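Q: The following block contains a protein sequence and its predicted model.
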Amino acid sequence: MVKKVSSPSSSPVTVTVTSGGKSGGARSMGLTSPVQRVSLSNSPLSAAHRSRTSSGGDRASTGGRYSSMSMSKDGAAATEEISSEFVSYTVHMPPTPDHQNMSISASQSLLLHGESKPNSSEPRTGFIAGTIFTGGYNSVTRGHMIDCSMERPNLGVKFGNVCGMKGCDEKAIHPNSRAPCDCGFKICRECFLDCLSSNGGGHCPGCKEPYKDGNDDDNDIKIRGEAEDQALPLPSMAEFRSDNRLSMVKSFKAPNQPSDFDHNRWLYETKGTYGYGNAVWPKDGYGFGSGKSGFEHPPDFGERRRKPLTRKVPVSAAILSPYRLLLVMRLGALALFLTWRIRHPNHEAMWLWGMSITCEFWFAVSWLLDQLPKTCPVNRVADLSVLKERYESPNLRNPKGRSDLPGIDVFVSTADPEKEPPLVTANTVLSILAVDYPVEKLACYLSDDGGSLMTFEALAETASFARIWVPFCRKHGIEPRSPESYFGQKKDFLKNKVRLDFVRERRRVKREYDEFKVRINSLPDSIRRRSDAYNAHEELRAKKKHMEMGGILAGSPSKVAKATWMSDGSHWPGTWSSAETDHSKGDHAGIIQAMLAPPNSEPIYGSEADAENLIDSTDVDIRLPLLVYVSREKRSGYDHNKKAGAMNALVRTSAIMSNGPFILNLDCDHYIYNSLALREGMCFMLDRGGDRICYVQFPQRFEGIDPNDRYANHNTVFFDVNMRALDGLQGPMYVGTGCIFRRIALYGLSPPRATEHQGWFRTRKLKLLLRRPKVIKKEQEEMALPTQVDDADEDDLDIESLLLPKRFGNSTSLAASIPVAEYQGRLLQDLQGKGYQGRPAGSLVVPREPLDAATVAEAISVISCFYEDRTEWGKRVGWIYGSVTEDVVTGYRMHNRGWRSVYCVTKRDAFRGTAPINLTDRLHQVLRWATGSVEIFFSRNNALLASRRMKLLQRVAYFNVGIYPFTSFFLLVYCMLPAVSLFSGQFIVQSLNVTFLILLLLITVSLCMLALLEIKWSGITLHDWWRNEQFWLIGGTSAHPAAVLQGLLKVIAGVDISFTLTSKSVTPDDSEDEFADLYAVKWSFLMVPPITIMMVNLIAIAVSMARALYSPYPQWSKLLGGVFFSFWVLSHLYPFAKGLMGRRGRVPTIIYVWSGLLSIIISLLWVYISPPSGSQSYLKFEFP
C-alpha cells in the first residue's frame, strides 16, 4: 500500500508512506529534495504552536522497534514503491531519553505535522529526536526512524490550559481574559477563589506575592491573552521595518528615554497612570499617598543602557613603568654588549668567536620580538549582574522577562575512542548540558571524526544520564558540573549546602554515575561480543543458503563481511572494526543523530522523588539543550583536512539546525569548570563595541599534572603573560579550544568598523566604516552585512555576492542563515551609536522552530565529502586549511581583516583539560606546534604580508610565532660551544675583560628583574617562570629542529606531514599511581640531540678539569668560563635527564648506544682536528 501525503508549510516536502518489510510494522518513507527552510517566523504564536517538548523516555536502557526511512534526492522516487531490499536496510540506535512511545497512527501524525496532538495531555516530540540520518556520495539520504512500543513514564508535568494547582485538573481561566497575577500562573476559577478566601491576603500560588486586586467579582477575573504577552517577533531579514504601531514621540522630560518607547504599551501592560507628560510619576501601586508626597521621579530608562557589561583594569603604573624602563635598559645593554663583542674578536679562535657572536645576535633579535608585544598588558572584568538585568529582566518588549540572550552552539571534537576515551568525552558533554545558560539558546554538537559506534552509544548513554545529572546540578548549584571532576574532589562537598535533601540526592546520583561509568567502560566488549554473535549467525545463514543452492556444485560460499552491529541487528553505517569498504576510518557515510530534541521555550518542572525519579525536581527546570551527534562523510581520494575540516562541517550543520550567532569550541577533554563562563564571555560580545570582537579566548588550565610541573605543562608564562599582553593590543591568539566565536567572523566577513594603521611605524590611523546601510526610505532600516573579506583594498560587495555558491556552497538554507546569524549577533539599539545597526530589545525571545525532516536532510548534504569542492571553505571561510596549527592561522586571518579579540580570565577557571605528562608525548606535542609555525612562516599567512588593519606590535607577535622554531639551530650550536671551548682550551673571548663581565652581569640582572616584574603583574610564580625557561631549551634542542626540517621538506619537496593524536588519560583508580605516565620512558628520535649535548658537556668538563690539574700552566679563567656555561646548559636540561631515568632509573639501551656513539665520534673528531699542544707523536690519533 502506498499513500501520498503532503507535509505542512514549515517543511514543504512530499512524503510517501509504505507498509511492508520483514518487520511487518516498519515504515519506509521517501522524501524529495528539501527546499529552503524558513529559519524565523514573524508570528510568535505559530512558532510556539509548533514547539515540542524534549523530555520523555525512561532513563533505563530499554529496547524498541526501529524502522527505516529513506530520503531520495530524486523527486520522482518519492512516489515509487520501495523495494524490500531497501526497506530491510535498518539501523538501530541505542535507547536515548528521547525515544517516543506512539502508535503508528500517532507517529504518522507527528511525522507529518511535527507537533503534539491537541487533545493529548502528555508532551510528545517529532520523529527527528529518534531518527539517525545517514547519507553521502552517490547514496540516498536515509533516516532510520525509531518506533518505540514501551509506555512513556508520566513526568508529572501539566501542559495546556490546565490549572497548575496540585490535584486539580480543571481548565484554567480563559487565556483571552485578564490574569489574576502578572506572573502568569495558570489557575482555575474555583482554586482562585479558594486562594482569596483561605490564605488571608490572596497570595498567588506561583510567585507567592499577594494579588493586587483580591476583592474583584467573578466577572472581573480575566487574564490577558497569551498573544499579547508574547514578545515582539524577530523582524524579517528581507524586510526589516519599524513597527508603525509604536509611538515614536520622545518626551523632553526624559532625555535618556529610548527612541522607540511606546507609551500606550506601557500604560496597558502596567495598569498604571500615564506618567510622562504629567507633573509627577506615581509610586509603586500607581496610587496616591505613599511616601512624603506619594510620588517619585520618573524611572530612568537609560540607566541600564549606560551600565557597562565589562571594564578594563590596567596594570598598575608602579609596575608597568619600571617594566618598560628595564626593557629599554636591557635593550641598550644588549647593544653595548654586541658592539663590544664585535670590536674585540678572539684572534686565537676566530671560528669560535664567529659562531658565538652570530648566535648571540640572533638571540637578541628573538628576545626583542618576544618582548615588544608585552609592553601593554591589561586585565578585564565582566559584570554578570548587568547582563542579567539587561537581557533577562522584564521590559516593554519582553514583559515576561524571557531571556533575550543570543544562542550559542557548542562544538566538541573527537576522532579516536582509543586515544580519547568516551568517558572523558561524556564528562565534557555533561558539563555543557548543565551550564548556566538559557536552555533554549544552547545546542551541543559532538563531531566524531572516526565514525565509531562506541562514541555513538556512549553519547546515547550520556543523554540518558543527563536527565538525572543536569537537574541535580541546577537544584544544588553544583560546581564543577563534570561528574568525574565533582565526585573526585577532595574538599568538603557539604560546604555552603543548606538543603536537607542534598546528601540523600548526592548519594543517589553518585551511585547512578558509577553505574553509568560501568556501562561506558563495558561498551567495547559489549559491541565486540554482539558483533561476533551476529557475524556468526550471518555465516551460518550464508552456508545454509549455499547448501540449498546446490552445495559443492555451486562452489565455495561467498565470504561474509565482519560487520559492526547495532543493538537491533542492523549494520552500523560508520566505521567497522574490520575496516571493510564504505566502513573504514577514511571511507564511511555521513551520520547525524539528534540525541536530545530542541527544548520547549517555556520551563518544564519535574515531579517529586519516587521509585523512578531519583531527585525531587518539582521546582527545577528539567529541560535539556539540543544534543546532536555528527560524523561527516569520508571517502578515499578526498582531503578531509583533519580537525579543521571537522570543525567546518559542524559550522555548516549547526547553521542549518540551530544557527546560534556564537560558537564555542572545546576539545573532548576540556570540560566546563565554571558554569558561568559562557555568560562572562557573552558580556564582552554584547557590550558597547563588542560588535568588533571576533572571538573571546579563555586561558587553558590543566588537571592531572605532577606537582613540580616537570615539563611546563601548565604553560602559565604563555597564557598569563603573553596572552594578557596581547589583549592590550588587538587581542590574544586563538589557541584551538576554549574560545567563543562570532559566527559571521568565521564566515570570512569583516567587522562593522576597522582601523588602518599607516606610516613606517603604523602611527597614522584611518577609521573605516565597513557596514554601509543602504537607505531607501527614511523610516526603513536596511540590514547591511560586512562586505570586505580579506584584503583592505577590495571593493565593497553587495549581499548577493556574499551568498554565492562559490563561497559557501550550494545550500540555500545555509545561505539564508547567514543574515539571520548576523542580525541575532548585533548589539541592542540602545548600545549602538547614531548611524550604527542594532537590534531591538526582546527580539530574540521568539521560540526556536522545531526540527523537521527537510532540515536534517539538508544538514546531511552539507557534511558530504564533496560539498567544499570549488568553494572558499578552508580558504577564507571557516577554519583555515594548510597547517597543522589551524587555530593560529584562523585567528590571524580574523585579525588581518580588522577584527579584535578579547582575553577573558575568570576568577574561577572557565575550562579545565588534560595535558600529556609523559616526556615523549610532550615532545611530540611541541613538535606539532613548531611544525605548524614553520608552515605559517613559509605561507601567505606570514605576518610580514599582513594588511594595514593589523597593529604593528600585533604583527610582531604573529611574526614571532612563525620564526621561533628557527632559533633551535642557533641554540644547538650555542649549547655545544661550552664543550668545544673546554676541549680546545679556548673561549669565546680572548680574555675575561672587566667590561665583558660588567656587560654580561648587566644583561643577566636586567633579565631577572624583568622576570620578577612579569611575575608581579601576571600572577605567575617564580617556579613557573623557571620551568618555562628549562623547557624552552629542552624543546629548542629536540622538537624544534625536527619541526624546521619537516617544514622545509613540505615546502621544498611536498612531503606531507602526519601526526598522531595526543592521548587523553582518564582518572586513575585509587590503587593506581596518578602520575604513573610521568615515569614511563618511550623511545623517540627527538631525545638524541639533548642527550648528546649533556654527555658531550659532561665529558668536556671532566677532560678540562683533568687538563687543568695536570698542566704546568693551567688557564683557570678560560676553564671557569667554559665550566660556567656548561653548567648553565646542564641545569636547563635537568628535567629532561630526570625524565630519562624513569621511576627506577631504567633507561632504554638504545639511548645509551646512540648518545655514547655520537659523543665518542665528536670527541675523536675534535682530537683529530685540534690535538693537544705538546703531545707526543705516539699519542696522536690518525684515521687509516
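A: Looks like it came in fine.
Q: tell me the pLDDT at the residue lying closest to P394 once chain neighbours are set aside?
A: Nearest residue to P394, sequence neighbours excluded (C-beta to C-beta, 6 or more residues apart in numbering): G401, at 4.0 Å. Just so you know, the C-beta spots here come from the backbone N, C-alpha and C atoms, and that holds for glycine as well. G401 is assigned a pLDDT of 81 by the prediction.
Q: Quickly note the distance from G401 to E461.
A: To E461, G401 is 36 Å away according to C-beta to C-beta, to the nearest Å.
Q: likewise T414?
A: Using C-beta to C-beta, T414 is found at 15 Å from E461.
Q: likewise G932?
A: Using C-beta to C-beta, G932 is found at 35 Å from E461.
Q: Likewise for P978?
A: Per C-beta to C-beta, P978 is found 58 Å from E461.
Q: Repeat that for V845.
A: From V845 over to E461 the distance is 34 Å, taken as C-beta to C-beta.
Q: ok, those two, which is more surrounded?
A: More crowded of V845 and E461, by other C-beta atoms under 10 Å: V845, with 26 against 21.
Q: So that one belongs to a helix, correct?
A: No - using DSSP: H, G, I helix; E, B strand; the rest coil, the assignment for V845 is coil, not a helix.
Q: hang on, the earlier thing: just say helix, strand or coil for the residue nearest to P394.
A: Assigned by three-state DSSP, the conformation of G401 is coil.
Q: wait, Y671 sits on T425?
A: No - here Y671 does not reach T425: they are 9.6 Å apart, not a contact under C-beta atoms under 8 Å.
Q: Break down the stretch 801-950 of the chain into its helices, ranges please.
A: In order along the chain, the stretch 801-950 of the chain carries the following helices (DSSP state H, counting those that start in this stretch): 805-808, 812-824, 853-861, 886-896, 919-937.
Q: Now do R341 against A364, distance only.
A: In terms of C-beta to C-beta, R341 sits 11 Å off from A364.
Q: To clarify, my last question referred to E580.
A: Distance from E580 to A364, by C-beta to C-beta: 59 Å.
Q: Can you say which of the helices of the stretch 801-950 of the chain is nearest to R948?
A: Of all those, helix 886-896 sits nearest to R948, with 9.7 Å by C-beta to C-beta.
Q: orientation of that closest one relative to helix 919-937 in degrees?
A: Angle, helix 886-896 to helix 919-937, by axes from the mean of the first three to the mean of the last three C-alpha atoms, to 10 degrees: 30 degrees.
Q: show me the contacts for the nearest residue to L1048 once chain neighbours are set aside.
A: Leaving aside its chain neighbours, L1048 sits nearest to V934 (7.4 Å; criterion: C-beta to C-beta, 6+ apart). Applying C-beta atoms under 8 Å, 6 or more residues apart in numbering, we find V934 in contact with 962, 965-966, 1043-1044, 1046-1048.
Q: and stretch 185-199, which residues are buried?
A: Residues of stretch 185-199 classed as buried by neighbour count (16 or more other C-beta atoms under 10 Å): 185-189, 191-192, 195-196.
Q: An error on my part: the question was meant for stretch 1085-1103.
A: Of the residues in stretch 1085-1103, 1086-1097, 1099-1101, 1103 count as buried by neighbour count, 16+ other C-beta under 10 Å.
Q: May I have stretch 589-605 as PDB, with CA atoms only?
A: Taking Å, rounded to 0.1, in the frame of the first residue of the first chain, the C-alpha atoms of stretch 589-605 are listed here in PDB:
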ATOM      1  CA  ALA A 589      28.900   7.700   5.200                       C
ATOM      2  CA  GLY A 590      27.800  10.900   6.900                       C
ATOM      3  CA  ILE A 591      25.700  10.400  10.100                       C
ATOM      4  CA  ILE A 592      23.600  12.900  12.000                       C
ATOM      5  CA  GLN A 593      21.600  11.900  15.100                       C
ATOM      6  CA  ALA A 594      19.700  14.300  17.400                       C
ATOM      7  CA  MET A 595      20.100  12.600  20.800                       C
ATOM      8  CA  LEU A 596      18.100  15.400  22.500                       C
ATOM      9  CA  ALA A 597      15.400  17.400  20.700                       C
ATOM     10  CA  PRO A 598      15.300  21.200  20.800                       C
ATOM     11  CA  PRO A 599      13.600  22.100  24.100                       C
ATOM     12  CA  ASN A 600      10.400  24.000  24.600                       C
ATOM     13  CA  SER A 601      10.600  27.800  25.100                       C
ATOM     14  CA  GLU A 602       8.600  27.500  28.400                       C
ATOM     15  CA  PRO A 603      10.200  25.900  31.500                       C
ATOM     16  CA  ILE A 604       9.200  22.400  32.400                       C
ATOM     17  CA  TYR A 605       9.200  21.300  36.000                       C
END
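Q: Done for today, thanks.
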